[in-house]
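Asks: following is a predicted model, sequence given first.
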Amino acid sequence: MTPPDPVEAERLQAAQAAAALVEDGMRLGLGTGRGAAAAVRAIADRMTGEGLRLEAVPTSQATGDLASSLGIPLIDLPADGLLDLTIDGADEIEPESLALIKGLGGALLREKLVAAASRRLVIVAEASKLVGRLGERAPVPVEVVPFGWQRTATRLRAFGADVAPRVAAGSGRLFASDNGNPILDCRFADLSDPARLDRELCLVPGVIATGLFIGMATQALVGTRQGLRRIERVADR
């Protein structure tokens, strides 16, 4: 028998804890990635077992397809009002501030829109996603408009970024998000003030959104080999 994957076990631990936060009648945001997918499956199990009535906004076509296949009713992002809870993953988590890097799955714009429309953003992750400072391992994804993206990349290099246009796996062609936009993966020499960097990057013509999620997550549920770790964001950080 193949031994269980310890990383997958950590991910599942976090996903099940997040699904336990869901209450009957909620409007949910459903994130993108392996951790979020595990949470979607756990939520569907609760719907089946407990008869929960839910509606959900997916942050990607892949998540929408998964949720639909499991019987979770989907809705558009509400024009008014807020989602009760969004459950999503992250590529890096700074535990002291709950600042995040997201978007290696290519859904950062929709993830940010849904997170901003939510009362709570809960992150599910395995222990390896915790870092001392953002940028230790993951680049910062930046979604840009297709027109003149090379010029936008040049502007990003002026911030000291090593910019790599993302390429679609196995095709050699430029990756396109669900919104039809390229993503530039940027490694910055200085990420000591991610909030300031995020603001400045969003002022660059051609930039739509960055994968820096600052002051958005309310809680992170992190699976570890020692058990679940719950990290709360302190409001004044």
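Replies: Structure's in. What do you need?
Asks: hmm, who's touching stretch 226-237?
Replies: Here stretch 226-237 makes contact (CB atoms under 8 Å, 6 or more residues apart in numbering) with 13-14, 17, 93, 95-98, 127, 215, 217-223. Heads up, the C-betas are built off the backbone N, CA and C, glycines and all.
Asks: tell me which of these fall in strands.
Replies: Here DSSP state E is the test, and these give 93, 219-223 as lying in strands.
Asks: quick check: the farthest pair among these?
Replies: The most widely separated members of the ones in strands among the contacts of stretch 226-237, counting by CB to CB, are 219 and 223 (13.8 Å).
Asks: looking at these two, which is more packed in?
Replies: residue 223 (27 against 17; other CB atoms under 10 Å).
Asks: which strand residues bridge the more buried one?
Replies: Counting by DSSP bridges, residue 223 is bridged to residue 126, residue 228.
Asks: hang on, it packs against residue 125?
Replies: Yes. Using CB atoms under 8 Å, residue 223 makes contact with residue 125 at a distance of 7.4 Å.
Asks: what sits in contact with each of these two?
Replies: By CB under 8 Å, 6+ apart, the residues touching both residue 223 and residue 125 are 11, 14.
Asks: quick revisit: of the contacts of stretch 226-237, buried ones?
Replies: 13-14, 17, 93, 97-98, 127, 217-223 (16 or more other CB atoms under 10 Å).
Asks: from those residues, which two are the most distant?
Replies: Using CB to CB, the two most remote members of the buried ones among the contacts of stretch 226-237 are 13 and 97, lying 23.1 Å apart.
Asks: and the residue lying closest to residue 26 once chain neighbours are set aside, how many neighbours does it have?
Replies: Leaving aside its sequence neighbours, residue 26 sits nearest to residue 84 (CB to CB, 6 or more residues apart in numbering; 4.3 Å). Residues contacting residue 84 under the criterion other CB under 10 Å number 18.
Asks: now residue 84: how far from residue 118?
Replies: 7 Å (CB to CB, to the nearest Å).
Asks: show me the chain divided up by domain.
Replies: When the chain is parsed with automatic domain parsing, its domains come out as 6-132+214-225, 140-209.
Asks: out of those, deepest packed?
Replies: Scoring these by mean neighbour count under mean count of other CB atoms under 10 Å gives domain 6-132+214-225 as the most buried, with a mean of 20.
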